[in-house]
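>>> coords below, sequence missing:
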């Protein structure tokens with residue numbers, strides 16, 4: 001459910017407030033009708049933070065209220081509210097994000113008990129606050145059902161908030177929390193006869209424990225295509241419901257509406273939870289309409305300490321997750337955030353998303369959009385540089401690119417290279433050595449069979465070269481630059497291309513490990529490759545750089561500015577196929 005507010009977008013507004021204020025509402029009630037018309041009692045939905053989960057819970061709460069039925073007039077679900085399955089019933093709503101956890105487990109238990117006592121008081125029920133949370137919950141559910149003579153609907157919002165708050169605590173504290181919350185949730189299983197419906201939301205999918213073990217049979221709709229667009233909104237919904245905002249914002253930014261929609265899609269579109277349906281991030285999009293400025297709004301709502309630590313501890317780069325192939329069950333894997341594969345956490349937290357794979361039973365991972373990719377790149381850079389130095393590098397890099405100042409660009413790249421952790425480079429070197437050894441074993445076997453008919457070519461070294469390229473990508477993207485290319489070496493396009501208003505910069509990046517005397521030859525080959533592949537073709541003004549990194553010294557040992565290579569491209573067009581381009585190098 002997505003709305004447009006007259007003031008700043010806020011996830012705190014309820015369904016009732018939105019309708020009564022006549023704010024724009026994108027009707028998602030057909031999804032709630034699917035839930036209630038099914039025989040399944042317990043449902044689970046995982047979505048990233050600020051993605052409409054709480055508004056979904058608020059709307060369900062209104063559906064169950066006899067006094068709020070007229071709020072749904074004109075919405076998809078309205079015609080079905082008289083059906084027995086949609087009958088009004090008492091609701092017990094637990095918002096676990098409201099619990100106080102700073103003081104540890106005992107404070108959390110006290111806070112949970114106070115929440116239940118307050119819910120009871122709203123129903124004119126008096127509970128003994130000295131009782132433990134599970135006993136209070138049992139009494140609340142039993143007495144609510146008995147007093148109303150109807151079964152109760154249970155709505156649990158952000159069930160995993162306590163677990164997320166304990167992520168940076170000791171394993172013993174996390175284990176104690178796990179046991180306590182399991183014990184608390186088992187109350188629902190013993191009170192099944194009093195309960196008609198349970199809906200649970202969270203960020204992580206079945207975090208720490210299987211809900212089915214404590215809440216009977218639970219149906220997880222997080223990756224179901226049928227519910228793929230339940231939260232967030234589609235391209236069609238954006239253009240239909242926010243037509244006024246698009247027109248107003250396009251005029252302010254002096255863009256056509258088509259140009260605006262394309263740029264918004266680049267920044268905020270692309271979230272997918274079923275591998276098919278693509279969605280706009282609601283929080284960022286609504287704030288964008290309010291502020292009319294392209295910024296990373298959603299990312300700034302999170303606490304990234306755990307993520308930063310995980311990237312550093314696991315020697316991870318931002319580009320390293322792109323294109324990873326996962327099976328179709330990846331989205332349903334129960335996650336223990338403190339121990340599992342970081343890609344699982346990044347997906348469940350909303351940073352990575354699903355894209356169709358080459359096979360029907362697989363997906364590939366990628367970042368949802370530019371906002372997420374730029375933000376994580378900035379996090380990676382600030383992880384190895386202090387914040388002040390990172391900000392200076394960003395500013396200097398933009399100045400160098402805008403002014404055609406290649407030496408300044410190279411100086412900034414060298415500053416970054418010097419800060420790359422040695423253990424990350426050592427790990428990449430080891431991977432390359434393992435790959436080299438395996439390749440040499442294969443070649444020895446091939447020589448025996450083929451009498452060495454094939455040319456021996458180096459087919460290793462990708463891990464180390466890729467790490468350096470990915471570091472450059474992170475710097476450029478963290479600076480908010482429009483950058484593309486191939487971080488994992490693809491000779492059909494440059495390693496890195498950055499577009500600025502005046503120039504398009506093309507970088508060809510080569511890593512030499514123990515071959516300092518071959519740097520000039522390497523640059524010549526880089527220039528030849530850039531000409532043959534026509535990297536800068538189609539760009540009115542281009543600056544092509546060849547860069548040779550000395551791995552042992554962690555520095556750019558040599559580089560050359562080849563200009564825009566336009567003359568060489570034209571020469572190729574007039575040359576016969578048998579002729580090859582010149583291999584001269586121009587070094588600044």
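Here it is on my side, so go on. Owing to the predicted nature of the structure, the values given are computational and were not obtained by experimental measurement.
>>> and residue 401, what is it in contact with?
Counting by Cβ atoms under 8 Å, 6 or more residues apart in numbering, residue 401 touches 409, 481, 498, 500, 503, 505. All C-beta atoms are positioned from the backbone trio N, CA, C, and that covers glycine.
>>> show me where the stretch 301-450 of the chain has helices.
According to DSSP state H, counting those that start in this stretch, the stretch 301-450 of the chain carries its helices in the segments 305-313, 342-348, 370-384, 387-402, 406-419, 422-450.
>>> Which of the ones you listed sits closest to residue 26?
Smallest distance to residue 26 across the helices of the stretch 301-450 of the chain (Cβ to Cβ): 20.4 Å, for helix 370-384.
>>> Show me what the closest one is in contact with.
If you take Cβ under 8 Å, 6+ apart as the criterion, helix 370-384 is touched by 266-268, 281, 284, 296-300, 304, 307-308, 311-312, 317-318, 350-351, 367, 390, 393, 416, 419-421, 473-478, 480.
>>> how about the helices of the stretch 301-450 of the chain in CSV, adding mean pLDDT?
Formatted as CSV, these follow (pLDDT from 0 to 100):
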stretch, mean pLDDT
helix 305-313, 72
helix 342-348, 82
helix 370-384, 90
helix 387-402, 94
helix 406-419, 94
helix 422-450, 69
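>>> Of those helices, which is nearest residue 110?
Proximity to residue 110 (Cβ to Cβ) singles out helix 305-313 among the helices of the stretch 301-450 of the chain, at 25.1 Å.
>>> got the buried residues for that closest one?
306, 307, 310, 311, 312 (16 or more other Cβ atoms under 10 Å).
>>> Assign residue 511 to helix, strand or coil.
When classified by DSSP: H, G, I helix; E, B strand; the rest coil, residue 511 comes out as strand.
>>> these two touch, right, it and residue 468?
Yes: between residue 511 and residue 468 there is a contact at 5.7 Å, judged by Cβ atoms under 8 Å.
>>> hey, what's in contact with both of the two?
The contact lists of residue 511 and residue 468 share residue 549, where a contact means Cβ under 8 Å, 6+ apart.
>>> Looking at those two, which is more packed in?
Between residue 511 and residue 468, residue 468 has the larger neighbour count (other Cβ atoms under 10 Å), namely 25 against 21.
>>> Is that one within a helix or a strand, and which one?
helix 462-478 (DSSP states H and E).
>>> Give me the helices and strands touching the helix or strand following that helix, please.
Using DSSP H and E, the next helix or strand after helix 462-478 towards the C-terminus is strand 482-485. If contacts are counted by 3 or more Cβ pairs under 8 Å, 6 or more residues apart in numbering; DSSP states H and E, strand 482-485 sits against helix 462-478, strand 496-499.
>>> tilt between the first one and helix 370-384?
Orientation of helix 462-478 against helix 370-384 (axes from the mean of the first three to the mean of the last three Cα atoms, to 10 degrees) gives an angle of 110 degrees.
>>> Could you list the domains of the protein?
Following automatic domain parsing, one finds the domains of the chain at 2-227, 232-384, 385-423+460-573.
>>> What is the distance between the longest one and the centre of its chain?
Once both centres are worked out by Cα atoms, centre = their mean, to the nearest Å, domain 2-227 turns out to sit 25 Å from its chain's centre.
>>> I'd like the helices of the stretch 301-450 of the chain as a markdown table, with distance to residue 47 appended.
Conversion of the helices of the stretch 301-450 of the chain to a markdown table gives the following (distance: least, Cβ to Cβ, whole Å):
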| stretch | distance to residue 47 |
| --- | --- |
| helix 305-313 | 18 |
| helix 342-348 | 10 |
| helix 370-384 | 15 |
| helix 387-402 | 31 |
| helix 406-419 | 35 |
| helix 422-450 | 32 |
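>>> if we can go back for a sec, give the single residue among the contacts of residue 401 positioned nearest to residue 172.
Residue 172 has its nearest neighbour among these in residue 481, at 44.7 Å by Cβ to Cβ.
>>> isn't the closest one right next to residue 398, touching?
Yes: with contact taken as Cβ under 8 Å, residue 481 and residue 398 are classed as touching, separated by 7.2 Å.
>>> And the pLDDT for residue 232?
With respect to pLDDT, residue 232 scores 94.
>>> ah, wrong one, I meant residue 5
Looking at residue 5, its pLDDT reads 41.
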